[in-house]
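Engineer: everything below, folded, please.
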Amino acid sequence: MYYIKKTFEISASHRLSLSYESKCEQLHGHNWLVTIHCKSKELDENGMVIDFTHIKRAIRDRLDHSNLNDILPFNPTAENIARWICEQIPQAYRVDVVESLNNEASYEVDD
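Structural biologist: A predicted model of the protein is given here:
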């Protein structure tokens, strides 16, 4: 099995729709740190699990400097964002999303 991971930062805003009162219901921003873990039993014709640039284009280029509520069709919690990112990259099996220094969410595909 081959493993790679791609880490990058995304600057984006969001507001959460919650069942309780919270300051997070107001529009606010984060410098999100995203790590995408990918694996493959075989390498592609270029000798890669997936090109790092393809990951960047599929995720960072779509989300960076945006209001996530305008782009994503769900409540943009860190947990939901991690799952969505994982679903965008077929080779991904885990995604870690750090919203702030002490707040991190992970999503991992069950095999």
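
Engineer: all strands for this structure, in order.
Structural biologist: 2-14, 28-40, 66-67, 92-100, 103-108 (DSSP state E).

Engineer: wait, which of the ones you listed is closest to residue 79?
Structural biologist: Nearest to residue 79 among the strands of the chain is strand 103-108; the distance by C-beta to C-beta comes to 4.4 Å. To be clear about C-beta, it is placed using only N, CA and C from the backbone, and glycine gets the same treatment.

Engineer: and that closest one, which strands flank it?
Structural biologist: Paired strands of strand 103-108, with direction, are strand 92-100 (antiparallel) (DSSP bridges).

Engineer: what lies in contact with the strand it pairs with?
Structural biologist: Strand 92-100 has contacts (C-beta atoms under 8 Å, 6 or more residues apart in numbering) with 30, 32-39, 78-79, 81-83, 85-86, 104-109, 111.

Engineer: ok, the residue nearest to residue 103 when sequence neighbours are not counted - contacts?
Structural biologist: Once flanking residues are discounted, residue 103 sits nearest to residue 78: 6.7 Å by C-beta to C-beta, 6 or more residues apart in numbering. Contacts for residue 78 (C-beta under 8 Å, 6+ apart) come out as 32, 97, 99, 103-105.

Engineer: thanks again, I'm all set now.
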